[in-house]
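Q: structure for this input, please:
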Amino acid sequence: MFKLLNLLLLMCLYSYSGTTTILVSGIKGGNVTLSCGSEDREMVYIDLSRFKSILSCHNEECESENGRVFKEGSCDVVIKDLRFSDAGKYIMRVYYSNTQTELEPQTLEYQLCIHDEISVKKGEDLEMDVLWTSADKVVHWARRSTGQKEDWSRGHGVRRDRMTIRDNNLIINNFTATDAGTYEVLDSEGEILIMMTVTESRTGPVDELNYINDKTTTYFPPST
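A: Alright, predicted model coming up:
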C-alpha cells in the first residue's frame, strides 16, 4: 500500500512540465511545506497568494486568511490538514534585505497535488469532493484498464450513467467493482490536482474473509 502511495505521489510530481514551478504533493489530512530555500538570508516581507493573499508576514508578524497556513523558520510556509480544495497553484513573494536600503524581491511558484485513498462498499454511493474552482476534468483509470476514461468535464458535465453532481461532489450511485481504480482531477492545463485511489470494501460472511496461508490465518472482522 505504501509503495502504491509513493508511486502515485511521484506521478503528481512528474506530471507538471513547467521549468520554474516547485512541485509539491501531500496526503489529504496531512501537512505540506512550501519551502523558500533561503533560510540563510534575512527576510523582511513574505506574501503567499492563491486567487488572493492567504498569508502575509512582515518580519515575524504574520496575518493569515486561513488558520491552517503559517510561516515556519525564515520563510517556509506550512499548510496543515490538507483538503482537496487546497490543490493547485500558489505564488510566494519574498523580500530580503540586502547591503543597501532597497529590498531584493524573489517570486516562487508552487503546484500542489493532493492524494487520498478510500474504500467503498458495493451498492453504496461514492461521493468525491473534488469539483473545486481549479478542476476542469476528472478521468478514471480502472484497475484492469490500459487507458483512462473521462468521467466529467467543466464544459460537458458527467459522462456516464449512475453519476451525478451535488455542490462540489462528484457522486457515483450504486458503487460496483468497475468503479474502483484511480481518479485524477486535472486543471485546464492538464496538470493533476488530485489523485484518489478507490477500492471496493471486502464484505461477506466471516468464513469468506479468512485468509489461510499454510498454517497462518488472518481474520478480517465484518464491516459495521
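Q: ok, residue 77 to residue 200 distance?
A: Counting by CB to CB, to the nearest Å, the gap from residue 77 to residue 200 is 38 Å. In short, each C-beta sits where N, CA and C put it, glycine included.
Q: can you pick out the residue with more neighbours from the two?
A: residue 77 (26 against 17; other CB atoms under 10 Å).
Q: give me the pLDDT for that one.
A: Residue 77 carries a pLDDT value of 94.
Q: next up, the contacts around it.
A: 33-34, 36, 46, 48, 55, 69-71, 92 (CB atoms under 8 Å, 6 or more residues apart in numbering).
Q: min pLDDT across those residues, which one?
A: pLDDT across the contacts of residue 77 is lowest for residue 36, at 84.
Q: which SSE is that residue in?
A: Under DSSP states H and E, no helix or strand contains residue 36.
Q: hmm, it is touching residue 94, no?
A: Yes: using CB atoms under 8 Å, residue 36 is in contact with residue 94, at 5.6 Å.
Q: how about the helices in the protein?
A: Secondary structure of the chain (DSSP state H): helices at 2-14, 206-209.
Q: name whatever forms a beta bridge with the most centrally placed residue in the chain.
A: Taking CA atoms, centre = their mean, the centroid of the chain lies closest to residue 114, which sits 1.2 Å from it. For residue 114, the beta-bridge partners are residue 26, residue 194 (DSSP bridges).
Q: now do the one 5 residues further on
A: With DSSP bridges as the criterion, the beta-bridge partners of residue 119 are residue 199.
Q: so it is in contact with residue 180, correct?
A: No: using CB under 8 Å, residue 119 is not in contact with residue 180; the gap is 9.2 Å.
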